[in-house]
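S.K.: return atomic coordinates for the entry below.
(one chain, ligands or ions: 1)
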Amino acid sequence: MTLSELQEVTKGLGMPGFTAKQIAQWLYVKRVKSIDEMTNLSLKHRAMLSEAYVVGAETPINEMRSQDGTVKYLYHTFDNHFVETVFIPDEDRGTVCVSSQVGCKMNCKFCMTGKQGFSGNLSANQIVNQIQSLPEFERLTNVVMMGMGEPLDNLDEVMKALEIMTAQWGYAWSPKRITLSTVGLKKGLQRFLEESECHLAVSLHAPLPALRRELMPAERAYSITEIVDVLRNYDFSHQRRLSFEYIVFKGVNDSVVYAKELLKLLRGLDCRVNLIRFHAIPNVDLEGVDVAKMTELRDYLTQHGLFTTIRASRGEDIFAACGMLSTAKQEEINKN
Ligand code: SF4
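M.R.: The predicted structure is shown next:
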């Protein structure tokens, strides 16, 4: 809950105004696991709270560890549904990749989560719990909303979760430590840009509408040219960062023709491009490219003035591509 939601609860229970802040402190600063531990609340108030509420902290039910230190966790959400959360350590950084929905409606061709279909939105509780109950919480420096689901398709709950992470009464993290990744949804993009200061990463993957439509059906509803036009109205030259994610598929979007189109599309925008290697998924006729091709593409774009990096692939030995672990769990449940 956000502070204003806690204030409504405490008011409804006839508790003094300041107790909401005390509860927020117990939840987000001390990260207690039960209402009983909130010892500066009276016994009577703790009992009243316990009648209707619990601290929604649930530890992961499964994990897979990569040789490179990446850990993928599986969290139970509702019914027989699960989401994945990935912790990625990197020298002095610790990044958590958080999910926002169970499954996804966007059906991107290259994504395992998309193949699951959509089962439901996560509540702010279930989003924040992926961080709060992460065994590596103390090592976290960055959050990326890049896990399962499309965050702008569940924006009310995502915005609450972002508030909990950034507010002084919450984790008090700088929004510059948080990046939200989206395919770009008309309803939602503008609100996110207006109401949040977190970084934005747009899943681009193809600069031409016809190819993007093939890879990402969401292009039909809101084209990448419209998205870029909206982004041109915002200032990304200072603290806030705008990046474009580009998964490189062999023989599909890896030629200089597409690099030139990328340059055309993003001309004049303060942004960077992240090239991502594709993790093959079952039953999809897409392949990744080798390091040489990635480097060639990066160098071409950089030489033509577009700041471009290659994202290090992490946790390949534990199926780090989103949706793999939860799909396996779902299949196991369906079999039994
Ligand atoms: S890539 Fe993201 S938006 Fe596309 S189907 Fe997968 S989870 Fe959804």
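S.K.: where does pLDDT dip in the stretch 101-250 of the chain?
M.R.: Filtered on pLDDT under 70, the stretch 101-250 of the chain yields no residues whatsoever.
S.K.: now the strands for it?
M.R.: Along the stretch 101-250 of the chain, the stretches classed as strands by DSSP state E, counting those that start in this stretch are 101-103, 118-121, 142-145, 178-182, 199-203, 242-248.
S.K.: between those strands, which one is nearest to the ligand?
M.R.: Nearest to the ligand among the strands of the stretch 101-250 of the chain is strand 199-203 (6.3 Å), distances taken as CB to the nearest ligand atom. C-beta coordinates here come from the backbone N, C-alpha and C atoms, glycine included.
S.K.: what packs against the closest one?
M.R.: Using 3 or more CB pairs under 8 Å, 6 or more residues apart in numbering; DSSP states H and E as the contact criterion, the secondary-structure elements in contact with strand 199-203 are strand 178-182, helix 224-231, strand 242-248.
S.K.: let's see 7 Å
M.R.: Under the contact criterion of 3 or more CB pairs under 7 Å, 6 or more residues apart in numbering; DSSP states H and E, the helices and strands touching strand 199-203 comprise strand 178-182, strand 242-248.
S.K.: now it, how far from the centre of its chain.
M.R.: 10 Å (CA atoms, centre = their mean, to the nearest Å).
S.K.: can you give me the helices in this structure?
M.R.: Along the chain, the segments classed as helices by DSSP state H run 3-12, 19-24, 43-52, 112-116, 124-132, 155-166, 186-195, 209-215, 218-221, 224-231, 256-266, 291-303, 324-335.
S.K.: could these go into a markdown table alongside distance to the ligand and mean neighbour count?
M.R.: What follows is those, written out as a markdown table (distance: least, CB to the nearest ligand atom, whole Å; neighbours: other CB atoms under 10 Å):
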| stretch | distance to the ligand | mean neighbour count |
| --- | --- | --- |
| helix 3-12 | 27 | 16 |
| helix 19-24 | 31 | 20 |
| helix 43-52 | 34 | 14 |
| helix 112-116 | 3 | 22 |
| helix 124-132 | 14 | 23 |
| helix 155-166 | 13 | 22 |
| helix 186-195 | 12 | 15 |
| helix 209-215 | 9 | 16 |
| helix 218-221 | 7 | 18 |
| helix 224-231 | 14 | 17 |
| helix 256-266 | 19 | 17 |
| helix 291-303 | 19 | 15 |
| helix 324-335 | 11 | 15 |
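S.K.: next, format the helices and strands packed on strand 199-203 as a markdown table and append distance to Arg277.
M.R.: Written out in a markdown table, the entries for these read as follows (distance: least, CB to CB, whole Å):
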| stretch | distance to Arg277 |
| --- | --- |
| strand 178-182 | 16 |
| strand 242-248 | 7 |
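S.K.: show me what contacts the residue most central in space within the chain?
M.R.: Nearest to the mean C-alpha position of the chain, by CA atoms, centre = their mean, lies Met145 at 1.3 Å. For Met145, the contacting residues are 98, 100, 151, 158, 179-181, taking CB atoms under 7 Å, 6 or more residues apart in numbering as the criterion.
S.K.: then Val55?
M.R.: Applying CB under 7 Å, 6+ apart, one finds that Val55 lies in contact with 27, 32-35.
S.K.: now Glu261
M.R.: Applying CB under 7 Å, 6+ apart as the definition, the contact partners of Glu261 turn out to be 207-208.
S.K.: likewise Thr85?
M.R.: Thr85 makes contact with 73, 75, 96-99, 130, 134, 147 under the criterion CB under 7 Å, 6+ apart.
S.K.: if we can go back for a sec, filter the contacts of Val55 down to the buried ones.
M.R.: The neighbour-count test (16 or more other CB atoms under 10 Å) applied to these identifies 27, 32, 35 as buried.
S.K.: now, among these, which is nearest to the ligand?
M.R.: Minimum separation from the ligand among those (CB to the nearest ligand atom) is found for Leu27, which lies at 28.2 Å.
S.K.: out of all residues in this protein, which is the farthest from the middle?
M.R.: With distances taken from the mean C-alpha point of the chain and given as CA atoms, centre = their mean, the most distant residue is Lys44, at 38.9 Å.
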